[in-house]
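K.L.:
Curious how this folds, go ahead:
(one chain, ligands or ions: 2)
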Amino acid sequence: MTVVLGAGAFGTALAVALSVKGPVTLWGRSLPWAAGRENPRLPGVILPEAITLTEDLPRAGEAPVLVAVPMQAMGAFLAEHPDVVGKAPVLCSKGVDLSTLRGPSALVADLIPGATPAVLTGPSFAADIARGLPTALTLACADEAVGEALQSALSTPVLRLYRTTDVIGAELGGALKNVIAIAAGIVTGAGFGDSARAALMTRGFAEMTRFATRLGARPETLSGLSGFGDLVLTCTSSQSRNFRHGFTLGQGLPPDLSQTVEGLATARAVMARAESLGMAADLPVTAMVAAVSAGDLPVAEAAKRLLSRPLKEE
Ligand SMILES: NC(=O)C1=CN([C@@H]2O[C@H](COP(=O)(O)OP(=O)(O)OC[C@H]3O[C@@H](n4cnc5c(N)ncnc54)[C@H](O)[C@@H]3O)[C@@H](O)[C@H]2O)C=CC1
Ligand SMILES: O=C(CO)COP(=O)(O)O
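P.N.:
Ligands and ions are numbered 1, 2, ... in the order given. Next comes the predicted model:
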């Protein structure tokens with residue numbers, strides 16, 4: 001038995017994947033599509049019988065509870081529903097909360113005292129998971145025993161979970177790669193070519209590592225699935241909403257604002273946190289995405305600034 005809170009593309013895909021192991025309760029705040037059992041965010045995927053769809057929030061019990069609401073809604077959700085989230089939530093959202101500058105696990109620590117959060121993250125498009133394609137993810141939990149139990153409960157033959165105790169590293173990898181993916185989309189949409197994108201990804205990865213390690217992440221976590229792995233996926237696939245958003249901006253077109261594009265708010269949150277740490281100058285790509293997203297910087301000017309930074313050692 002598993003509970004998934006949040007019936008967007010990702011929550012629904014996880015419910016489908018986990019339904020091979022037993023019953024799953026999938027909660028969404030509004031499920032007008034429930035009768036047809038096909039989420040418009042995941043067209044073509046008919047939900048298996050093992051999934052119970054509900055708009056009524058279930059109380060947390062023994063079953064693992066996965067939280068897959070968008071990052072900017074997470075704080076309010078946790079604050080309003082601690083009994084639903086329970087003491088060992090598995091956080092599946094990727095980002096940094098703009099109002100508190102906190103990631104998912106720090107929000108849990110603040111809002112649900114005594115909880116032991118886990119983070120499920122890594123390279124995985126909802127559509128791939130829902131189709132049963134092979135996927136490898138990171139399951140991070142500071143408590144090894146809780147992490148081991150979750151790894152076993154949430155792994156399937158095609159959904160392979162690798163364990164770590166580096167929660168901050170895992171969640172920052174997933175949050176920061178979305179920002180770099182927007183930049184990679186801008187560079188690609190503006191027609192700068194594949195070589196420029198590779199340079200951007202590499203410098204972006206260095207930037208992710210600088211910021212995350214400053215906040216206590218282990219460098220090897222950033223080199224794993226939740227950092228490097230997800231960066232590669234998201235910066236090179238038009239399945240990524242963050243990449244597509246950047247691509248549209250790079251083409252000079254108006255982006256689709258109906259999509260969840262976590263990197264936008266996260267770029268601004270990361271820059272605010274970096275300012276307070278005195279390391280804003282160390283995050284040029286994130287600064288560019290934050291400025292472009294806020295409408296403070298035209299795309300062409302942003303690209304020019306990145307290319308005109310002082311030459312230095314790699
Ligand atoms: N779609 C994907 O391939 C992946 C998504 N994720 C992460 O999962 C999280 C959710 O993304 P998606 O499911 O893709 O987004 P989505 O845009 O498909 O769905 C978001 C869902 O959240 C609901 N929602 C919005 N505000 C809410 C609130 N205050 N309370 C409850 N529900 C609320 C919406 O009604 C919608 O059903 C994001 O942080 C994303 O980065 C992670 C890995 C893959
Ligand atoms: O996190 C993801 C893949 O791992 C999904 O990326 P997007 O949110 O950019 O679609």
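
K.L.:
Tell me the residues of the protein that contact ligand 2?
P.N.:
Residues of the chain lying close to ligand 2 (Cβ under 6 Å from any ligand atom) are 94, 123-125, 178, 181, 230, 233-234, 240-242, 262. Quick note: C-beta positions are derived from backbone N, CA and C, even for glycine.

K.L.:
ok so R29 is a strand residue?
P.N.:
No. Counting by DSSP: H, G, I helix; E, B strand; the rest coil, R29 is located in no strand; its state is coil.

K.L.:
That one contacts T54, doesn't it?
P.N.:
No. Checked against Cβ atoms under 8 Å, the pair R29 and T54 is beyond contact range at 10.5 Å.

K.L.:
same for the helix-or-strand element of the chain with minimal mean pLDDT, what does it pack against?
P.N.:
Every helix and strand of the chain was ranked by mean pLDDT, DSSP states H and E. The lowest is helix 299-307, at a mean of 78. On a contact count with 3 or more Cβ pairs under 8 Å, 6 or more residues apart in numbering; DSSP states H and E, helix 299-307 meets helix 167-189, helix 284-293.

K.L.:
could those be laid out in JSON lines, adding mean neighbour count and mean pLDDT?
P.N.:
JSON lines is the format used below for these (neighbours: other Cβ atoms under 10 Å; pLDDT from 0 to 100):
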{"stretch": "helix 167-189", "mean neighbour count": "29", "mean pLDDT": "97"}
{"stretch": "helix 284-293", "mean neighbour count": "24", "mean pLDDT": "93"}
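
K.L.:
Please convert those to CSV, extending it with distance to M1.
P.N.:
Shown next, in CSV, are these (distance: least, Cβ to Cβ, whole Å):
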stretch, distance to M1
helix 167-189, 24
helix 284-293, 40
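
K.L.:
Among those, which comes closest to ligand 1?
P.N.:
Judged by Cβ to the nearest ligand atom, the one of these that comes nearest to ligand 1 is helix 167-189, at 6.7 Å.

K.L.:
Mind checking if the closest one is in reach of ligand 1?
P.N.:
No. Contact check for helix 167-189 against ligand 1, using Cβ under 6 Å from any ligand atom: none in range, with a minimum separation of 6.7 Å.

K.L.:
Any chance you could give me that helix in PDB, C-alpha atoms only?
P.N.:
The C-alpha trace of helix 167-189 is given here as PDB (Å, rounded to 0.1, in the frame of the first residue of the first chain):
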ATOM      1  CA  VAL A 167      19.500  14.600   1.600                       C
ATOM      2  CA  ILE A 168      20.600  18.100   1.000                       C
ATOM      3  CA  GLY A 169      22.800  17.000  -1.900                       C
ATOM      4  CA  ALA A 170      20.100  15.000  -3.500                       C
ATOM      5  CA  GLU A 171      17.500  17.600  -3.300                       C
ATOM      6  CA  LEU A 172      19.700  20.500  -4.400                       C
ATOM      7  CA  GLY A 173      20.900  18.400  -7.400                       C
ATOM      8  CA  GLY A 174      17.300  18.100  -8.600                       C
ATOM      9  CA  ALA A 175      16.400  21.700  -7.900                       C
ATOM     10  CA  LEU A 176      19.500  23.300  -9.500                       C
ATOM     11  CA  LYS A 177      19.500  21.300 -12.700                       C
ATOM     12  CA  ASN A 178      16.100  22.800 -13.600                       C
ATOM     13  CA  VAL A 179      17.700  26.200 -13.600                       C
ATOM     14  CA  ILE A 180      20.600  25.100 -15.800                       C
ATOM     15  CA  ALA A 181      18.100  23.400 -18.100                       C
ATOM     16  CA  ILE A 182      16.300  26.700 -18.700                       C
ATOM     17  CA  ALA A 183      19.600  28.200 -19.600                       C
ATOM     18  CA  ALA A 184      20.400  25.300 -21.900                       C
ATOM     19  CA  GLY A 185      17.100  25.800 -23.500                       C
ATOM     20  CA  ILE A 186      17.800  29.500 -24.100                       C
ATOM     21  CA  VAL A 187      21.100  28.800 -25.600                       C
ATOM     22  CA  THR A 188      19.700  26.100 -27.900                       C
ATOM     23  CA  GLY A 189      16.600  28.100 -28.800                       C
END
